[in-house]
Structure formats: structure tokens, C-alpha cells
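[1] Any chance you can model this:
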Amino acid sequence: MEQTERLAGKVIVVGVTGGIAAFKAAHLVTGLRKFGAEVHTVMTSAAAQFVSPLTFRALSQHPVVTDMWDAQTPYDEPHVTLGERADLLVIAPATAQMLAKLALGLTDDVVSATVLATRAPVVVAPAMSDTMYQHPTTQEHLQTLRRRGVRIIGPVVGWLASGKEAIGRMAEPDAIIEEICAILEAK
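    Reported below is the predicted structural model:
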């Protein structure tokens, strides 16, 4: 199978949260489309502080949802509609805040609500400072998510926004795409 067809016919929902690594999500969306996937993006309001929803609309060729109740959204209940359509949902970057919401089942934004509304596989790519990542609470939330079948990719050691090299850097988009392909090809 050609690389450009590995995800043909698959619907991938990309959840983007508010961290500096949000710019990498644009590369993720582009890469998924190159593999033939239909990509839809949901964003937290904090994510839109880092990268404009317009960027993801242009890259995905689909409306971007930042607010579950926005009258301009083409879906009555975007979190339910996209959650049901998804073959896979990936959150990149996944902040400590988002990991906590997912572990606790909190749904006060379109990204966390879509996770709760889907039965598709969920992949999260954590990205945060090394101290936040290593905090016992974050590690407990990751263990809870793993027990529920959520696939965690990264973080990796690398250059962080703080200016130091440490664990906490989001996995590269190509590595996330390979994980997505492996999950969907195994189904």
C-alpha cells in the first residue's frame, strides 16, 4: 500500500490544546491528509491563543470547532457528531490540564467532550514542562488513561520552551502518524 493511501477512508479528529507545541499540530494535520485521511480539528480556546483556527481550516479543508455551542458550527452537537464519525481521535499537544480533564471525565470544552463522546481509539501526545510532566498527579492521570486504553505517545526529551533540554517535548508529528497508522491498520 502506498504511503499516501495508508489512511484513505479514515476520519481522524485532531484535538489541539493550549501549549506552545500547538504549532506542531498543524504539521500533524498536514501529514494525516497526505496519508489520505479526512481530518477534522477541535480546539480549546487556549489553543487558539497559539495557533489560529483559520490555519487548521485551511490545512484540513473542514470547519474548525472551538466552541460546542457556537451557532456558526455546522453541527448541532459537534462533540457528538465528530465523536461518532471518528475512526480515531488524537490530542496533540495534550497539556497537563487536558490529561487531568480526561482522567476525571470533565467535559467543559469541545476537545474533552469529544473524547467522552467517541468510542474510537484515543491517542494523546503530552507536552509540558518537565516538572509538570513528572509531577505525581500528572503521572497518576496518565496511568488512569492507560488503564482505559488511551494510547500515550511521548513526551520525549528535547528542547523545551523554558530553554532547557528535558522530558516534556511533544513527540514529532511523523511519530504520531506512525502510531495512528499502526492502530488503524491493526483494527
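[2] secondary structure class for the residue sitting nearest the centre point of the chain?
    Closest to where the C-alpha atoms of the chain average out (CA atoms, centre = their mean) is residue 91, at 1.4 Å. Secondary structure assignment for residue 91 (DSSP: H, G, I helix; E, B strand; the rest coil): strand.
[3] give me every residue that touches it.
    14, 15, 16, 17, 98, 102, 111, 115, 122, 123, 124, 125 (CB atoms under 8 Å, 6 or more residues apart in numbering). In short, each C-beta sits where N, CA and C put it, glycine included.
[4] when you check these against the helices, which ones overlap?
    Secondary structure from DSSP state H places 98, 102, 111, 115 of the contacts of residue 91 in helices.
[5] Roughly how far does the first one sit from residue 114?
    Think residue 98. Distance, residue 98 to residue 114, by CB to CB, to the nearest Å: 12 Å.
[6] Identify the contacts common to these two.
    Common neighbours of residue 98 and residue 114 (CB under 8 Å, 6+ apart) are residue 15.
[7] Let me see the ranges of the helices in this protein.
    So, for the chain - with DSSP H - the helices run 22-34, 53-60, 78-85, 96-104, 110-117, 130-134, 136-147, 173-186.
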